[in-house]
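Enquirer: Quick one: sequence and predicted model below, then my questions.
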Amino acid sequence: MTLAYIIHLANYSDGVLYVLAVLFLLAAAVMLDRVWHLRRAILRGNALVRRMASMGQLSPGDLEQMRDFAGKQPEAVLLDTALHHIADADAEAMGNRMDEAIMLVAPRLDRRLWVLDTIVTLAPLLGLFGTIIGMFHAFSVLAKPGHAPAEVTGGVADALVATAFGILIAMLGLAAFNMLSNQVRLILHQLETLKTMILNRTDGAPVVPLMRNRHSLKAVTSAQ
């Protein structure tokens, strides 16, 4: 497929293919941006959950170290909130403050996903619109004297390219949107897990269940 033929297809749809190309680039930019940020947040969150699960009690120094480790990830806001209220609030009030921190962080996680959702819906409709315009051009050949049937069938084939491109963009965008939405859900679950673990490890109880590996669980079972 040459560049001249691609330009011919775009002109055949009266420029709709150009709009679809812009939507494709915009969707690709949103995908790359969100995958990069959400994947980093998930990896950092998993590390924090594992580190906190290995601790029995949390001191302000532990929270400060974890907050610094979180860096600019969403978990840092939650840990910073816990650090500032660990000494002057009971468990319920501290939990409410951390809930508020999660609510403030949540809109940052699915930022720009609405763009991807809009493109998934809009791209097939634009493709169909471009095909309809192409059909007008294809059947206008019938009005010319001495037309060849191949001109009509070739024009119909060229017109269908817009619909095919729009559906392709929608399929890729839908797969990416579902994947990114699942990553947002995982991050929110990590934040809720960290909140619960912080409350359990700062309530003054002498014992907090620790994460054990498979071998230690087998040892406990055999001892019983």
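Expert: Structure's in. What do you need? Numbers count the residues shown, from 1 in each chain.

Enquirer: Relative to residue 109, how far out is residue 188?
Expert: 7 Å (Cβ to Cβ, to the nearest Å). From N, CA and C alone the C-beta is placed, and that goes for glycine too.

Enquirer: of these two, who's got more company?
Expert: Neighbours per residue (other Cβ atoms under 10 Å) separate residue 188 from residue 109, with residue 109 holding more: 21 against 17.

Enquirer: so residue 56 makes contact with residue 197?
Expert: No - Residue 56 is not in contact with residue 197 according to Cβ atoms under 8 Å; the separation is 11.3 Å.

Enquirer: ok, the two, which is more surrounded?
Expert: residue 197 (17 against 11).

Enquirer: Please report the distance of that one from residue 72.
Expert: On the measure of Cβ to Cβ, residue 197 and residue 72 end up 21 Å apart.

Enquirer: now do residue 79
Expert: Residue 79 is 12 Å from residue 72, by Cβ to Cβ.

Enquirer: Neighbour count: those two, which is higher?
Expert: residue 79 (27 against 11).

Enquirer: Show the low-confidence segments of the chain, by residue range.
Expert: The chain contains residues with pLDDT under 70 at 1-13, 88-89, 138-155, 204-224.

Enquirer: so where do the strands sit in it?
Expert: Assigned by DSSP state E, the strands in the chain number zero.

Enquirer: Determine the set of other helices and strands touching the lengthiest helix in it.
Expert: In the chain, taking DSSP state H as the definition, the longest helix is helix 149-200. Here helix 149-200 is seen to pack against helix 3-12, helix 16-53, helix 74-85, helix 91-109, helix 113-139 when contacts are counted using 3 or more Cβ pairs under 8 Å, 6 or more residues apart in numbering; DSSP states H and E.

Enquirer: and the residue most central in space within the chain, what is it in contact with?
Expert: Centroid-nearest residue in the chain: residue 180, 2.2 Å away (criterion: Cα atoms, centre = their mean). Applying Cβ atoms under 8 Å, 6 or more residues apart in numbering to residue 180 gives the contacts 31, 34-35, 38, 110, 113, 116.

Enquirer: Reformat the residues you listed as a markdown table; add distance to residue 23.
Expert: Shown next, in a markdown table, are these (distance: Cβ to Cβ, whole Å):
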| residue | distance to residue 23 |
| --- | --- |
| 31 | 12 |
| 34 | 16 |
| 35 | 18 |
| 38 | 22 |
| 110 | 20 |
| 113 | 15 |
| 116 | 10 |
